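> Sequence and predicted structure, then a few things I'm wondering about:
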Amino acid sequence: MSIWHRRIAGNCFVLIAAWMFMIPFPSLSAGPEVSRDSYGGWKLVTGLKTGFFHTQRINGKWWIISPEGNGFLSKGVNSVHPPQKTVFPSVALEKVASTLRAWCMNTAACWSDPALAGNGLAVALRCRITGAHQHDFPDVFDPSWKKEVEEAALTECAPNKSNSWVLGYFTDNELPWKHEEEAEPFVDEFLKLPGNSPGYKEAMTAKMGGLPAMKAFRERVAEIYFRTTASAIRAADPNHMILGCRFAGRPPLGVVGKMAGSADVVSINNYSNTPPVDFLREMNRASGLPVIVSEFSFKAPAPELEKNGSGALKATQAERANAFSDYAGRLVREDFCVGYHWFKYAENWQGVLQADGTPWPELTAAFTGFNEQAEGFHR
């Protein structure tokens, strides 16, 4: 069966599923059917052809541009790996990739099996180079930290520099930047460092200077963090995008602004019912960069699966599917949007898979119907 016959069959399934589950789909006014390149790039939008993914602003709209030079929105699923494991058996990779492609997804997002790259999917990698965690920062003022980041980037990133299926790198996940008026708790994290460390001394000076000094300290940390990670990644791999540090909540805009020149994309995890469009616009203005919502999802009761996980709880799988279409539809109409990644593939009530390993038909029908038209809505 050719790819076009498979596409026709898939579209028939989507229409049947939409009728069965009463899932609302966007109108066909999104735009005409057009051909796509081998990476999923949309040929109605053309940019600079570089052989790797990059961002470009065209007629006021931000796009990722595919290696072949066409418009690309990163439509992905996080944690595409077997339940409780990190990688698939080699014999399963093509089947998994084919399944995601059937949902018109084009990205295996953060924490996915890297081997999915080159199976018709781009892979967004989480490189582990900073030593930072969700609850603490390394001492970015210590010269030894910079050296460690540079060495780790050579290990993590250099092997990928010729792989055109790598979308780019996330540097971290949900770092404790705190909210706008929470500069003092941020400074206090650095006061947990040894008293003779550079970071402790800088933090103590900032705390003595009051709130303005503590906000300035946080922005200085951000500037050093983003500049150092960007320099290390680009030295090891000059070809791929830096996708940000996966913010959570409402990060301080002064921190977001320090990404300018040191990242290609702002990424943020968000679990509200609708995208926080006004704040995302502010992030775009502060940084001058496009935005990916790197995690979002909704939960619904799923027998035999863990109830844990973020996201609003919906009563049924059909309501969950509707919520996806509404959220993604609001997001892609924004000029700054270059992608959205659903969290996650399996394991709990957030997952795409049921306990027996089969996809939820309501949700995946919504994926397919919306993803096919997403670029048309963005354009």
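Here it is on my side, so go on.
> Find the helix or strand that the closest residue to residue 333 other than its chain neighbours is a member of.
Sequence neighbours aside, residue 377 is the residue nearest to residue 333 in space, at 5.7 Å (criterion: C-beta to C-beta, 6 or more residues apart in numbering). The way it works is simple: take the backbone N, C-alpha and C, and place the C-beta from them, glycine included. If you go by DSSP states H and E, residue 377 is part of helix 374-378.
> Repeat that for residue 339.
Element membership for residue 339 (DSSP H and E) is strand 337-342.
> The residue lying closest to residue 282 once chain neighbours are set aside: how many residues sit nearby?
Leaving aside its chain neighbours, residue 282 sits nearest to residue 253 (6.0 Å; criterion: C-beta to C-beta, 6+ apart). Close neighbours of residue 253, defined as other C-beta atoms under 10 Å, add up to 16.
> so what pLDDT did residue 253 get?
As predicted, residue 253 sits at a pLDDT of 98.
> surely it meets residue 280?
No - taking contacts as C-beta atoms under 8 Å, residue 253 lies outside contact range of residue 280: 11.5 Å.
> quick one on the thing from earlier: and the helix or strand following the strand holding residue 339, how far out from the chain middle?
Counting by DSSP H and E, the next helix or strand C-terminal to strand 337-342 is helix 361-371. Helix 361-371 sits 19 Å away from the centroid of its parent chain (C-alpha atoms, centre = their mean, to the nearest Å).
> what's the average pLDDT for helix 361-371?
98.
> which residues of the stretch 1-150 of the chain score low on pLDDT?
1-33 (pLDDT under 70).
> so where do the helices sit in it?
Along the stretch 1-150 of the chain, the segments classed as helices by DSSP state H, counting those that start in this stretch run 3-21, 93-102, 143-156.
> What residues of the last one count as buried?
Read that as helix 143-156. 145-146, 148-150, 152-154, 156 (16 or more other C-beta atoms under 10 Å).
> Please name the residues that touch residue 378.
61, 63, 73, 332-333, 337 (C-beta atoms under 8 Å, 6 or more residues apart in numbering).
> Please identify which pair of the residues you listed lies farthest apart.
When C-beta to C-beta is used, the two most widely separated members of the contacts of residue 378 are 63 and 333, lying 13.9 Å apart.
> who's more crowded, the two?
residue 63 (27 against 12).
> Now do the same contact list for that one.
Counting by C-beta under 8 Å, 6+ apart, residue 63 has contacts 45, 47, 55-57, 71-73, 290, 338, 378.
> Scan this structure for its longest helix.
In the chain, with assignment by DSSP state H, the single longest helix is helix 211-236.
> next helix or strand past it?
Heading C-terminal from helix 211-236 (DSSP H and E), you reach strand 241-242.
> Pretty sure the residue nearest to residue 333 sits against residue 332.
Yes - under the criterion of C-beta under 8 Å, residue 377 makes contact with residue 332 at 4.9 Å.
> Please say which of those two ends up with more neighbours.
residue 332 (25 against 20).
> show me the contacts for that one.
Neighbours of residue 332 in contact, by C-beta under 8 Å, 6+ apart: 73, 340, 374, 377-378.
> circling back: let me have the buried residues of helix 143-156 in JSON lines, adding distance to residue 328 as columns.
JSON lines is the format used below for those (distance: C-beta to C-beta, whole Å):
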{"residue": "145", "distance to residue 328": "38"}
{"residue": "146", "distance to residue 328": "39"}
{"residue": "148", "distance to residue 328": "38"}
{"residue": "149", "distance to residue 328": "34"}
{"residue": "150", "distance to residue 328": "38"}
{"residue": "152", "distance to residue 328": "34"}
{"residue": "153", "distance to residue 328": "33"}
{"residue": "154", "distance to residue 328": "37"}
{"residue": "156", "distance to residue 328": "30"}
